[in-house]
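In: kindly return the folded structure for what I paste below:
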Amino acid sequence: MIVKTKKYQLDPKTYRRICMQQIFKTQWWLPISIFAGLIVLNLLLNLVYPNIWIFFLAPLGLLGWYGFWWVQFTGAPYLAQMKPMFEKFSYEISGKDILMRVNQKEGMQMKWEMVKRAEKTKDAYLLIFSQAQFIYLPFKIFNSDNDMRFTEAIMKRKNLLTEDKKEEKAPVAK
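Out: Sure thing, here's the model as predicted:
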């Protein structure tokens, strides 16, 4: 069976939001370590001479980290190599691959092996290839609930999408 979706174009704001969420999930420890490192550095420097620069520099370090990624993901849609990600595609999802079609003659094939992991959010499926490259499949582009269930079944079969913990703990019949 092949699931065919409606056409969808990824919005740059949605792209930036998802990328920032991915950064916070994967690198949550980095801003904490920047802040803690600056505090420790200040404590060591206070042994030599008293200073108050940490009260300005530590928050700036956190804002600098956040700002760096925000600028990267804001500018990414305007890069030539990222342009294809923001075109309007319809998707054909099968057990072998994902076909991204611009029209009937043009498209791009993505193998399931290229997908590192998948996530199911409250309103979409997210197929992640790298930190800044993914396929965002909102539920509204699927033609029916059966198409969504089949897509989810494929992702589970490929071990990309894990079962919810609530579903794993099914009640035992006595």
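In: rest of the way, CA atoms for contacts and neighbours
Out: OK.
In: can you spell out which helices and strands pack onto the helix ranked longest in the chain?
Out: Using DSSP state H to define each element, the chain has its longest helix at helix 54-75. Packing partners of helix 54-75 (3 or more Cα pairs under 8 Å, 6 or more residues apart in numbering; DSSP states H and E): helix 12-26, helix 29-48.
In: list the neighbouring strands of whichever helix or strand comes after that helix plus their orientation.
Out: Next along the chain after helix 54-75, taking DSSP states H and E as the criterion, comes strand 88-93. Using DSSP bridges, the strands paired with strand 88-93 are strand 3-4 (antiparallel), strand 8-9 (antiparallel), strand 97-101 (antiparallel).
In: got those as CSV, with mean neighbour count columns?
Out: Putting the strands paired with strand 88-93 into CSV (neighbours: other Cα atoms under 10 Å) gives the following:
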stretch, mean neighbour count
strand 3-4, 17
strand 8-9, 16
strand 97-101, 18
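In: among those, which is nearest Gly64?
Out: Nearest of these to Gly64, taken as Cα to Cα: strand 8-9 at 30.5 Å.
In: and for Leu160, the neighbour number?
Out: Per other Cα atoms under 10 Å, the neighbour tally for Leu160 reads 19.
In: ok, it - contacts?
Out: For Leu160, the contacting residues are Val115, Lys116, Arg117, Ala118, Glu119, by Cα atoms under 8 Å, 6 or more residues apart in numbering.
In: 6 Å instead?
Out: Counting by Cα atoms under 6 Å, 6 or more residues apart in numbering, Leu160 touches Arg117, Ala118.
In: part of a strand, is it?
Out: No - the assignment for Leu160 by DSSP: H, G, I helix; E, B strand; the rest coil gives coil, which leaves it out of any strand.
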